[in-house]
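J.: Quick one, fold the following:
(one chain, ligands or ions: 1)
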Amino acid sequence: MDIQSSEPVSHNLLSVETYEPLIGSEAVERIMSKAERLNDLHVINVNSTYYGGGVAEILSSLTLLMNSAGIRTGWRVLQGRPDFFSITKKMHNALQGGEINFSDLKKDIYEEVVFENAARMHLDHDLVIVHDPQPLPLIDHFRKKAPWIWRCHVDMSRPDPELWSYLSGFVERYDAVVLSLPEYAQKIDSPQRFIMPAINPFSTTNKDLTEDEIEDRLEHYDIPTDLPLVVQVSRFDKWKDPAGVIEAFKIARKEVDATLVMVGNVATDDPEGQEIFESLCGCREERIIVLSVQDTALVNALQRRAAVVLQKSTREGFGLTVTEAMWKGAVVIGGNVGGIRHQIEDGVNGFLVDSVEGAASRIVEALNDHQLRNVMGHRARETVRSRFLMTRLMEDWLDLIGSFEAHFTLSGRGGTSH
Ligand code: UDP
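T.: Purely as a prediction, here's the structure:
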């Protein structure tokens with residue numbers, strides 16, 4: 001289907017040209033000429049959730065932008081039962097440094113569900129991009145003719161060795177591995193590339209909102225605005241340290257008056273979220289608000305209205321919530337880990353912290369200093385404009401996909417089959 005010429009046209013895909021006021025005409029032309037070389041290529045992405053979490057957020061924008069530039073880019077979501085996702089969440093945790101008892105039974109369930117997905121997926125594209133560990137073994141079930149890329153988004157600075165040794169058996173069959181940061185590089189034979197994620201500034205999560213729109217969203221959830229807002233937006237996940245956020249807030253409020261708002265959602269591939277949310281509900285007070293909702297406009301409104309945004313993660317592959325808040329000119333106090341360190345320069349465009357006490361004292365400092373918030377917020381937005389917009393991510397992908405160009409010509413476009 002050629003979506004651009006279908007009638008009647010009531011919606012338009014966001015194009016690279018839309019970014020011109022933010023990135024300049026030269027960048028637009030450069031990206032479009034790279035896309036032109038790959039025109040009509042058929043690319044497929046496979047991940048494991050359609051919403052909730054950074055991967056879905058990126059894919060929902062990037063796949064459309066690629067299509068608008070003439071690259072036929074699809075997105076399939078792995079289907080799995082709760083027991084499958086419970087296993088893959090344990091794997092995710094263990095890749096980030098947690099523990100796992102990876103029994104044969106768990107391996108069997110993992111491999112069986114991926115096999116069943118492979119049987120009904122019919123991947124005959126020019127290029128296959130598989131995201132994260134959930135669909136990783138798909139590659140075992142295809143006679144591989146096209147390049148396959150594994151794109152892993154998790155913080156891989158200290159993966160569980162046993163689990164990694166099992167997974168690397170699949171990983172090494174891929175033609176390239178894309179990780180978010182050089183410090184996540186692994187000892188494997190496949191070529192490794194490093195691409196940091198990015199945001200779509202025109203999405204519901206990030207687009208400009210009027211004051212009335214912001215008020216409306218906050219009122220809808222009875223969020224008071226009489227005191228400054230301290231906000232953390234995150235899936236309910238132990239690595240986001242929600243308990244540490246509450247602790248830091250309680251220390252800070254001995255010196256400043258504020259309201260803490262924690263908003264999270266529960267992704268379909270993350271069965272631990274509900275339990276973590278429930279464990280936080282006992283901490284609710286008049287000035288500590290904990291909400292579990294899937295409302296991207298609320299995320300936007302909160303990041304815009306917040307006096308301070310926290311992302312107190314103890315592991316963080318990249319941390320799109322940091323990028324999103326920085327784009328809105330917020331001062332972000334982020335955990336000194338993973339991708340957060342590549343976005344925040346401590347004391348320049350935000351703060352990096354290593355402890356609950358450190359977070360508390362930065363909350364106090366930021367809330368007491370309006371001028372500091374303005375200056376840092378301004379720099380934060382500029383950081384995102386210059387390094388973390390979706391067009392930069394698209395260009396990185398075009399460069400990587402383009403590096404397989406000889407293969408596309410040789411294979412005559414038409415790659416994989418059972
Ligand atoms: N998000 C959301 N609602 C929520 C919590 C998170 O829409 O209640 C979005 C958030 O705006 C961001 C993504 O989910 O786009 C989270 O990405 P991030 O890289 O910060 O963390 P991940 O969940 O992938 O670990």
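J.: Can you check the pLDDT for whatever residue of the stretch 1-150 of the chain ends up closest to the ligand?
T.: The minimum distance from the stretch 1-150 of the chain to the ligand, using Cβ to the nearest ligand atom, falls at residue 54 (2.8 Å). Where C-beta positions appear, they are placed from N, C-alpha and C, glycine not excepted. pLDDT, residue 54: 94.
J.: can you give me phi and psi for the residue nearest to it when sequence neighbours are not counted?
T.: With sequence-adjacent residues excluded and distances taken as Cβ to Cβ, 6 or more residues apart in numbering, residue 54 is closest to residue 320, at 4.3 Å. For residue 320, the backbone dihedrals (degrees, to the nearest 10) come out as phi -60, psi -30.
J.: what's the spacing between the residue in the stretch 151-300 of the chain that the ligand sits nearest to and residue 154?
T.: The minimum distance from the stretch 151-300 of the chain to the ligand, using Cβ to the nearest ligand atom, falls at residue 265 (3.6 Å). Distance, residue 265 to residue 154, using Cβ to Cβ, to the nearest Å: 18 Å.
J.: Between the two, which is the more surrounded one?
T.: Counted by other Cβ atoms under 10 Å, residue 265 and residue 154 do not tie: residue 154 has more neighbours, with 24 against 21.
J.: which residues touch that one?
T.: Contacts for residue 154 (Cβ atoms under 8 Å, 6 or more residues apart in numbering) come out as 92, 95, 96, 132, 133, 317.
J.: Local confidence estimate at it?
T.: Reading off the model, residue 154 has pLDDT 95.
J.: Name the SS class of it, please.
T.: Of the three states, residue 154 takes coil under DSSP: H, G, I helix; E, B strand; the rest coil.
J.: May I have the phi/psi pair for it?
T.: Torsion angles at residue 154 (phi, psi; degrees, to the nearest 10) stand at phi -80, psi 160.
J.: Which parts of the stretch 101-250 of the chain are strands?
T.: Taking DSSP state E, counting those that start in this stretch as the criterion, the stretch 101-250 of the chain carries its strands at 127-131, 148-152, 176-179, 192-194, 229-233.
J.: ugh, wrong one, I meant the stretch 301-418 of the chain
T.: For the stretch 301-418 of the chain, applying DSSP E, counting those that start in this stretch gives strands covering 308-311, 332-335, 351-353.
J.: Residue 317: how many residues sit nearby?
T.: Residue 317 has 29 neighbouring residues, counting by other Cβ under 10 Å.
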